[in-house]
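Student: Mind looking at a prediction? Sequence and model below.
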There are 2 protein chains.
Amino acid sequence: MQAFDTLSVRFNEYFSIDHFPTSTPTLYDPNRYFLQMGGKRVRPVAVLMGNELFDQINDDAWPVASAIELFHNFTLIHDDIMDEAPLRRGMVTVHQKYGSSTALLAGDVMLVQAYDYLNRIDTSYSQRIINIFNITARQVCEGQQLDMDFEKLENVSLQDYLEMIALKTSVLLAASLKIGAVLGGASKGNALHLYEFGKNLGIAFQIQDDYLDAFGDPAKFGKQVGGDILANKKTFLLIHALEVASDEQKAVLKTLLKTNPSDKVEKVLEIFKACKVDQWANELKEKYYNDAMYHLDEIAVMSKRKEPLVGLAKFLIQREY
Amino acid sequence: MQAFDTLSVRFNEYFSIDHFPTSTPTLYDPNRYFLQMGGKRVRPVAVLMGNELFDQINDDAWPVASAIELFHNFTLIHDDIMDEAPLRRGMVTVHQKYGSSTALLAGDVMLVQAYDYLNRIDTSYSQRIINIFNITARQVCEGQQLDMDFEKLENVSLQDYLEMIALKTSVLLAASLKIGAVLGGASKGNALHLYEFGKNLGIAFQIQDDYLDAFGDPAKFGKQVGGDILANKKTFLLIHALEVASDEQKAVLKTLLKTNPSDKVEKVLEIFKACKVDQWANELKEKYYNDAMYHLDEIAVMSKRKEPLVGLAKFLIQREY
């Protein structure tokens, strides 16, 4: 079994080919531009790790991992159009650089290319794998739509938010691991536990992401603190705060959301701290992390084989606090 | 063998199910809205006809035909966003009714659903069929991109325009027939001839569409005459006129394109007629129609079996002039 870093290097090497025809560069160059921005490649590596948990890496795991990464990039290109995001990973987004229409089409053809890779694998398991992929693709679209729906609502329950965020961000990691498990010949029960490991880990990661945006050390995490607060983004923190705050705190919070005073971040954080939102978020993250580890434990393979996945969990979730 | 009308009724019956989950109506209702607008269903019926040319209709032809129709509708939803079209088939477009972001996502999930239907067919031929589907999907995206590219150019050669229009409008009809042929167990040679039949027929149809927009009888064809001229759309007619017109005519044409005089349609049509663009277009349509019929003739099955396809060609192409 290989660690995340090793597999990440191997995947990046495999994935560095040109995925698109040389004809019609006005359509395909935007995709080349976007892919060369890089990324952590967590999801394709999860395919390889899910596979290697049960057996040596299947030749088909590589095109499948590529399909997952192309799918992920397709969602990013389209999400950036919907969010009107000017930057991604510090670089100009596709729709900003090439126009929305081309970004839309480039995303479409990126999704087609993902299916092209899935169509190259052995037909003895292709139907099962493509079925997991399709269910997941649908869920990711549902998550994005619910996210847009929620942005228009004043109140969203924690339960609804959790379901949305799981669809939008966690099911793809979970499905990547599960598809890897299928490629490795895992039993249905083991594949399901691996899926739940990924889903819970993904939710823990998202809670951490929200936490760091508000309470993180900017020098350490390379992000502007309070970006979510300035953008009035619905996060775990805001939703919980609106649930537990006193009527007075709620009124202040809602006024802060509607206006943009220069000390907005500071004032919102004050309420978050008064409501112990930071502590609550850490406990919730811990709960999901523990649920993830429970499902990893339940998988019926020797614990030595699980070490890379434990490493992945530690890589994604910082637990020193 | 069944005629287009018979198969169209049967397909519409099969296709009238709900293709989407009942959850997340904000995502799926836009797709339901769009699909109930209807349409001629030429492409899915072409799958059934391509199949029946060689053998009785395979059970798998129905989900495949559904996939083709969903793919076609996905391209229409996304094209309408790119073209900022307010209406489609006389009804408000999806992005106008539900917003561009939802239309984008709804289109995405429509494409995923198309692949879901393709994933249900027998794996003995699924790879071959999905491969044809993927190549075609890519070509349709290329055609749309080239169309947008050409709109920005002052001069486009007839050859380049022909290649673009074939990608944008004809390859999907061709591929639908070919996929049907594969489902009917056709030989590679026969499947290729059927593909070429569809491709040439599609181009002939497009030439006719351009012709009718300029020279058609509005009472007969239910379209505003001169819509393409008013929109400065690049069509077969305009591209040929710019190739054969005198320098003086060209100068007048280009001025007309840049301005919007009240007699624009009349003036452009005058030049078209002076350049015999109408006659040329009819001859070009006839050439592609004849090429289509040549490829249909070449298919090694009894001519009786070809009657529904001859009927399809006559249904699509009016030849009384």
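Tutor: Now that the structure is in, tell me what you want to look at.
Student: avg pLDDT for stretch A:3-16?
Tutor: Averaging pLDDT along stretch A:3-16 gives 97.
Student: Could I get the buried residue list for that stretch?
Tutor: A:Phe4, A:Leu7, A:Ser8, A:Arg10, A:Phe11, A:Phe15 (16 or more other CB atoms under 10 Å in any protein chain shown). Quick note: C-beta positions are derived from backbone N, CA and C, even for glycine.
Student: ok, how many other residues are close to the nearest residue to A:Gln127 once chain neighbours are set aside?
Tutor: Distance criterion CB to CB, 6 or more residues apart in numbering or on different chains; nearest residue to A:Gln127, sequence neighbours excluded, is B:Asn119 at 5.8 Å. Look at B:Asn119: counted by other CB atoms under 10 Å in any protein chain shown, it has 23 neighbours.
Student: residues touching B:Asn119, list them.
Tutor: B:Asn119 sits next to A:Gln127, A:Ile130, A:Asn131, A:Asn134, B:Ser126 when contact means CB atoms under 8 Å, 6 or more residues apart in numbering or on different chains.
Student: What is the nearest of these to A:Glu52?
Tutor: Nearest to A:Glu52 among those: A:Ile130, at 21.3 Å, using CB to CB.
Student: that older thread, may I ask which of the contacts of B:Asn119 has the most neighbours?
Tutor: Result: A:Ile130 is most packed of these (other CB under 10 Å), 25 neighbours.
Student: Packing partners of the helix or strand that one falls within?
Tutor: Secondary structure assignment for A:Ile130, by DSSP states H and E: helix A:126-151. Other elements packing on helix A:126-151 under the criterion 3 or more CB pairs under 8 Å, 6 or more residues apart in numbering or on different chains; DSSP states H and E are helix A:61-83, helix A:100-118, helix A:158-165, helix A:171-183, helix B:25-35, helix B:100-118, helix B:123-151.
Student: Select, out of the ones you listed, the one closest to B:Lys314.
Tutor: Comparing the helices and strands packed on helix A:126-151 by CB to CB, helix B:123-151 comes nearest, at 24.7 Å.
Student: and the residue nearest to A:Gln127, backbone torsions?
Tutor: With angles defined as degrees, to the nearest 10, B:Asn119 shows backbone torsions of phi -80, psi 0.
Student: do the same with A:Ile271
Tutor: Dihedral angles (degrees, to the nearest 10) for A:Ile271: phi -70, psi -40.
Student: Format the buried residues of stretch A:3-16 as JSON lines; extra columns: distance to chain B and secondary structure.
Tutor: Listed next are the buried residues of stretch A:3-16 as JSON lines, based on distance: CB to the nearest CB, whole Å; DSSP: H, G, I helix; E, B strand; the rest coil:
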{"residue": "A:Phe4", "distance to chain B": "29", "secondary structure": "helix"}
{"residue": "A:Leu7", "distance to chain B": "27", "secondary structure": "helix"}
{"residue": "A:Ser8", "distance to chain B": "28", "secondary structure": "helix"}
{"residue": "A:Arg10", "distance to chain B": "26", "secondary structure": "helix"}
{"residue": "A:Phe11", "distance to chain B": "23", "secondary structure": "helix"}
{"residue": "A:Phe15", "distance to chain B": "19", "secondary structure": "helix"}
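Student: Please produce TSV containing those residues, extended by distance to B:Ser187.
Tutor: Output for the buried residues of stretch A:3-16, formatted as TSV (distance: CB to CB, whole Å):
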residue	distance to B:Ser187
A:Phe4	49
A:Leu7	44
A:Ser8	46
A:Arg10	42
A:Phe11	41
A:Phe15	38
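Student: Which one of those is nearest to A:Gln208?
Tutor: A:Phe4 (17.1 Å).
Student: Relative to A:Gly180, how far out is the closest residue to the closest one other than its chain neighbours?
Tutor: With CB to CB, 6+ apart as the measure, A:Leu312 is the residue that lies nearest to A:Phe4, at 5.2 Å, once sequence neighbours are left out. A:Leu312 sits 12 Å away from A:Gly180, taking CB to CB, to the nearest Å as the criterion.
Student: More neighbours: the two, which one.
Tutor: A:Gly180 (31 against 23).
Student: Need the pLDDT of that one.
Tutor: pLDDT, A:Gly180: 98.
Student: Then the one 5 residues further on?
Tutor: If you check A:Gly185, the pLDDT there is 98.
Student: about what we covered before: list the residues that contact both of A:Leu312 and A:Gly180?
Tutor: Listed as contacting both A:Leu312 and A:Gly180 by CB under 8 Å, 6+ apart are A:Ala46, A:Met49.
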